[in-house]
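Novice: Quick one, what's the 3D model for this:
(one chain, ligands or ions: 1)
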Amino acid sequence: MTRPLPAPADIEAALAAAWKVGKARCADGKVAAYIPELARVDPSLFGLAIHTVDGQSYSHGDAQHPFTLQSASKVFSLSAVVAASGEKVFDHMSVEPSGDAFFSIVKLEEEKGQPRNPYINAGAILTSSHLQGATADAKIDRFRTFLGQSSGLGAGAFPVNEDVFRSEADTGHRNRALAEIMRHHGTIPDVEVAVETYFRQCATSCTAESLARLSLYLVNNGRDPLTGKRVLAPASNHGIVALMATSGMYDEVGSHAIEVGLPSKSSVSGAVLAIAPGRMAIAGFGPALGQKGNSIGAMKALGVLAARLELSVYR
Ligand code: DON
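Specialist: Just a heads-up that it's a prediction; the model follows:
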């Protein structure tokens with residue numbers, strides 16, 4: 001069933017209302033501090049951006065403020081890998097929710113180096129190792145070229161923030177441990193290349209505006225509706241979006257499904273990207289995080305938008 005887009009005036013009004021609710025909640029959260037450079041970000045920043053399949057765009061608040069993709073990058077590294085080499089990356093990774101924190105090592109150890117899904121850190125590090133190229137630099141070039149081409153914005157719209165990269169490279173010992181376990185089991189060939197690629201993709205910058213624009217192919221069956229470029233085969237796109245619904249919000253995925261009802265992907269930098277299939281991509285950015293490491297303002301704002309614009313996929 002195709003669902004019509006809401007009228008532009010209704011989208012504008014819902015966006016303004018959602019922003020107000022989300023902004024008020026920012027005071028209840030805390031910025032991520034385990035990556036020292038992220039601790040310097042202003043917790044009161046809050047922006048929302050929407051891009052619709054018919055080429056309209058809407059934004060409110062700090063929608064042009066740059067932030068690093070962090071875990072939101074996982075959707076796009078997976079897309080780039082699947083677009084280039086098909087579903088091979090799933091030979092050593094399952095598609096089930098983990099029920100654990102995104103950085104957890106427990107199931108990876110129990111399940112012999114095979115990550116539960118591509119949106120926990122272990123799965124994303126494995127995915128990074130599958131990006132084309134022999135070195136981390138080559139893989140990151142591929143990743144940023146993919147972002148630039150899929151969005152029509154060019155790779156220059158997605159620069160790597162070297163300070164954030166360095167900060168995580170200096171402190172990301174647990175991610176190295178995940179990679180070492182996978183190396184032990186033969187799941188990845190090279191720890192340093194995989195981890196450096198992963199840290200650099202996480203440190204790649206965007207804005208709520210550019211993130212929503214980039215995500216239009218996910219909304220539209222794998223084809224960017226504005227450039228006409230096919231990014232992913234429809235079946236691959238379906239899987240990548242479905243995984244957002246089951247594993248995109250870590251162990252808050254159940255309450256997010258109930259309160260918002262849209263496949264989504266969060267990041268510790270404060271992004272929550274939500275996909276309303278066939279209709280629109282919504283990016284929220286609010287670096288103040290709740291208990292589970294997801295943006296408290298963006299989740300609330302998405303709840304308001306989904307209710308007012310009747311976007312839930314479960315309705
Ligand atoms: O690996 C990390 O810990 C970060 N680079 C990304 C984690 C993240 O964004 C989890 N999101 N909620």
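Novice: from here on, contacts and neighbour counts on C-alpha atoms
Specialist: OK.
Novice: count of residues packed around residue 122?
Specialist: Counted with other C-alpha atoms under 10 Å, the neighbours of residue 122 add up to 30.
Novice: ok, now which ones touch it?
Specialist: Residues touching residue 122, when contacts are defined by C-alpha atoms under 8 Å, 6 or more residues apart in numbering, comprise 103, 105, 108, 115, 175, 178, 179.
Novice: Next, work out how far apart it and the ligand are.
Specialist: 9 Å (C-alpha to the nearest ligand atom, to the nearest Å).
Novice: did I read that right, that residue in a helix?
Specialist: Yes - membership of residue 122 in a helix is supported by DSSP: H, G, I helix; E, B strand; the rest coil.
Novice: Could you report the pLDDT at it?
Specialist: For residue 122, the model assigns a pLDDT of 98.
Novice: Tell me how many other residues surround the residue in the stretch 101-250 of the chain positioned nearest to the ligand.
Specialist: Minimum separation of the stretch 101-250 of the chain from the ligand (C-alpha to the nearest ligand atom) falls at residue 202, amounting to 5.1 Å. When neighbours are defined as other C-alpha under 10 Å, residue 202 has 25 of them.
Novice: I'd assumed residue 68 was in contact with it.
Specialist: Yes - using C-alpha atoms under 8 Å, residue 202 makes contact with residue 68 at a distance of 6.5 Å.
Novice: got a list of contacts for stretch 202-209?
Specialist: With contact meaning C-alpha under 8 Å, 6+ apart, stretch 202-209 is reached by 47-50, 59, 62-73, 157-162, 164-165, 271, 283-285.
Novice: gap between that stretch and the chain center?
Specialist: With C-alpha atoms, centre = their mean, to the nearest Å as the basis, the distance from the averaged C-alpha position of stretch 202-209 to the chain average is 10 Å.
Novice: Then stretch 112-129?
Specialist: Using C-alpha atoms, centre = their mean, the offset of stretch 112-129 from its chain centre is 14 Å.
Novice: Pull it out as CSV, backbone CA atoms only.
Specialist: Extracted C-alpha coordinates of stretch 112-129, given in CSV (Å, rounded to 0.1, in the frame of the first residue of the first chain):
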residue,chain,number,x,y,z
LYS,A,112,32.9,-17.8,18.1
GLY,A,113,33.7,-14.4,16.6
GLN,A,114,30.5,-14.1,14.6
PRO,A,115,28.7,-10.8,15.4
ARG,A,116,25.0,-10.8,16.1
ASN,A,117,24.2,-8.0,13.6
PRO,A,118,25.9,-5.2,11.6
TYR,A,119,24.7,-2.4,13.9
ILE,A,120,26.5,-3.4,17.1
ASN,A,121,30.2,-2.5,17.1
ALA,A,122,31.5,-6.0,16.4
GLY,A,123,29.3,-6.3,13.3
ALA,A,124,30.2,-2.8,12.1
ILE,A,125,34.0,-3.5,12.5
LEU,A,126,33.5,-6.7,10.4
THR,A,127,31.6,-4.7,7.8
SER,A,128,34.3,-2.0,7.7
SER,A,129,36.9,-4.8,6.9
